[in-house]
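A.B. asks: Quick one, fold the following:
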Amino acid sequence: THRVMLSTLAARTQVTIMAIDYRLPPQHTWPTPIDDALLAYRRLLGRLAPHRILLAGDSAGGGMCIMLMQRLKERGLPLPKAAVLLSPWTDL
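C.D. replies: Numbering: from 1, shown residues only. As a prediction, this is how the structure comes out:
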């Protein structure tokens, strides 16, 4: 749903963007979506230093960014340089 916007953003900023296709409820129960995000972040850490990673999400994706950073901190993994949260859904 965000493909056109992300493609435009990547072209205009000359940055690489990784958008994950995490598994969604109701077919997949919690914490499957955040597990998918954690796996994707670990793969990024294999390619990039954390200071080169920025998380971004809107609505439920913004809430996922917050939850991912909590998971990273709990596991002692390096946090990204920044996170951009657009109207994050946090009242769960």
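
A.B. asks: Secondary structure element holding residue 43?
C.D. replies: helix 32-45 (DSSP states H and E).

A.B. asks: I'd like the next helix or strand past that helix.
C.D. replies: Toward the C-terminus from helix 32-45 - assigned by DSSP H and E - lies strand 54-58.

A.B. asks: Buried residues in that next one, which are they?
C.D. replies: 55, 56, 57, 58 (16 or more other CB atoms under 10 Å). Backbone N, C-alpha and C define where each C-beta goes, glycine included.

A.B. asks: Parallel or antiparallel, which strands does that strand pair with?
C.D. replies: With DSSP bridges as the test, strand 54-58 is paired with strand 82-86 (parallel).

A.B. asks: show me the contacts for residue 69.
C.D. replies: By CB atoms under 8 Å, 6 or more residues apart in numbering, the contact set of residue 69 is 55, 79, 80, 83.

A.B. asks: Just list the residues touching the closest residue to residue 20 other than its chain neighbours, thanks.
C.D. replies: Distances taken as CB to CB, 6 or more residues apart in numbering put residue 40 closest to residue 20, at 4.4 Å, once the chain neighbours are dropped. Going by CB under 8 Å, 6+ apart, residue 40 touches 18, 20, 22.

A.B. asks: What subset of those is buried?
C.D. replies: Of the contacts of residue 40, these count as buried by 16+ other CB under 10 Å: residue 22.

A.B. asks: ok, back up a step: so how do I select the buried members of the contacts of residue 69 in ChimeraX?
C.D. replies: Selecting only the buried entries of the contacts of residue 69 in ChimeraX, with 16+ other CB under 10 Å as the criterion:
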select :55,80,83
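
A.B. asks: okay, the contacts of residue 69 in a markdown table with pLDDT and distance to residue 71 next?
C.D. replies: Below are the contacts of residue 69 laid out as a markdown table (pLDDT from 0 to 100; distance: CB to CB, whole Å):
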| residue | pLDDT | distance to residue 71 |
| --- | --- | --- |
| 55 | 93 | 12 |
| 79 | 97 | 11 |
| 80 | 96 | 12 |
| 83 | 94 | 13 |
